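Chemist: need a structure here:
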Amino acid sequence: MHRLALLLAISACTTTSFIDPEEVVTIERGVYGLTVSGCDTSGCEDNPYEHAVVTATPAGTTGPEVTTTSDDDGFFQLTLAAGTYELCVHSCITVTVVDAERVRRDFISGPGGGIWCDDDSCRPR
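Modeler: Numbers count the residues shown, from 1 in each chain. Reported below is the predicted structural model:
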């Protein structure tokens, strides 16, 4: 229920034009996407979440952690070996990388730490 309320609040906001990660991704294998500074009030505008620290830790371990920072457009990419990872900004999601595969996940900040998007239903436009 909390996720639905957050998605409705985010979709009600006016949205800034974002870059298309598919056009700028350069990694062969790993995780990439956008970090978005979301809003949950009427009339506000989503913006790129610049310089967000994105970490990936192999699931079930405490390390080694791979870290990057999103750029001025909110874009990030992490080259990762095949495996399962906890991908985190303020909240975390489990993501599995298969050999020779890129996985897109977008993060939108908001109440409760924010949400990770794995499909077009909540991605910024």
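
Chemist: residue ranges with poor pLDDT in the chain?
Modeler: 1-16, 125 (pLDDT under 70).

Chemist: Identify the single longest strand in it, thanks.
Modeler: strand 30-37 (DSSP state E).

Chemist: following it, which helix or strand comes up?
Modeler: For strand 30-37, the following helix or strand on the C-terminal side (DSSP states H and E) is strand 45-48.

Chemist: May I see the buried residues of the longest strand of the chain?
Modeler: Burial within strand 30-37, assessed by neighbour count using 16 or more other CB atoms under 10 Å, is assigned to Gly30, Val31, Tyr32, Gly33, Leu34, Thr35, Val36, Ser37. Placement of C-beta: from N, CA and C, glycine included.

Chemist: same check, this time on stretch 59-74
Modeler: Val66, Thr68, Ser70, Asp71, Gly74.

Chemist: Farthest-apart pair in the buried residues of strand 30-37, please.
Modeler: Gly30 and Ser37 (23.3 Å; CB to CB).

Chemist: Can you give me every residue that contacts Phe107?
Modeler: 33-36, 49, 52, 54, 89-91, 114-117 (CB atoms under 8 Å, 6 or more residues apart in numbering).

Chemist: repeat that for 6 Å
Modeler: Thr35, Val89, Gly114, Trp116 (CB atoms under 6 Å, 6 or more residues apart in numbering).

Chemist: what's Ala100 in contact with, if anything?
Modeler: Contacts of Ala100 by CB under 6 Å, 6+ apart are Arg29.

Chemist: can you start the count at 492 instead of 1 from here on
Modeler: In the new count, where the first residue is 492, that last one comes out as Ala591.

Chemist: how about it, secondary structure?
Modeler: coil (DSSP: H, G, I helix; E, B strand; the rest coil).
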